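Chemist: Provide a 3D model corresponding to the input given below.
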Amino acid sequence: MSTVQRLVLWALGWMERYRYIKFGIVGASGTVVNLVVLHLGHEFLFNELEAAYNKPYFSLALAIAVATLNNFTWNRLWTWSDRVKTLEAEEAQPVSLRLLGLEFGQYITASAFGSGLQYVLTLLLSGSMDYRVANIIAIVAASVSNFLANDRWTFKRNTD
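Modeler: Modelled structure (predicted):
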């Protein structure tokens with residue numbers, strides 16, 4: 001095995017042990033999804049509606065919703081997969097729709113504060129800077145609360 005391969009394997013193992021790093025990687029993918037949807041929505045899909053306001057009201061709401069779905073999926077499959085597997089074992093069936101619906105509802109609820117913060121901050125900051133830069137700043141500001149809420153509630157460790 002080459003030095004590069006060993007380094008890559010070591011880095012992957014290190015990331016696997018640190019949940020917040022995984023959350024950050026998933027969040028980075030969600031940021032890309034968010035920015036793409038925000039840009040496409042503001043420049044094309046909702047251009048006529050938002051042009052009068054010069055603020056991305058509708059496109060921002062859509063971007064947050066799509067990014068939240070992206071992040072839920074990857075956080076469930078990777079960041080908190082160990083806890084999800086434990087819950088599924090307790091249910092005695094893999095991926096029950098009831099459990100998936102419960103987790104998604106909790107994820108949306110737990111992320112609501114961060115999503116609201118992101119929405120308000122983006123709109124406030126977009127008055128003095130490009131709306132995409134404002135959105136990145138708002139996402140970073142909201143990320144800590146989203147991690148804590150989902151780590152402690154949505155995908156909490158079962159202490160029974």
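
Chemist: Let me see the mean pLDDT of the host helix or strand of residue 115.
Modeler: Assigned by DSSP states H and E, residue 115 falls within helix 97-125. Averaged across helix 97-125, the pLDDT comes to 93.

Chemist: where along the protein do the helices fall?
Modeler: 3-17, 19-40, 47-51, 57-74, 81-91, 97-125, 131-149 (DSSP state H).

Chemist: ok, and the closest non-adjacent residue to the residue nearest the centre of the chain?
Modeler: The C-alpha lying nearest the average C-alpha coordinate of the chain belongs to residue 71 (Cα atoms, centre = their mean; 3.6 Å). Nearest non-adjacent residue to residue 71, counting by Cβ to Cβ, 6 or more residues apart in numbering: residue 30, 4.2 Å away. Where C-beta positions appear, they are placed from N, C-alpha and C, glycine not excepted.

Chemist: number of nearby residues for the one you found?
Modeler: Using other Cβ atoms under 10 Å, residue 30 has 25 other residues around it.

Chemist: how close does it get to residue 134?
Modeler: Distance from residue 30 to residue 134, counting by Cβ to Cβ, to the nearest Å: 17 Å.
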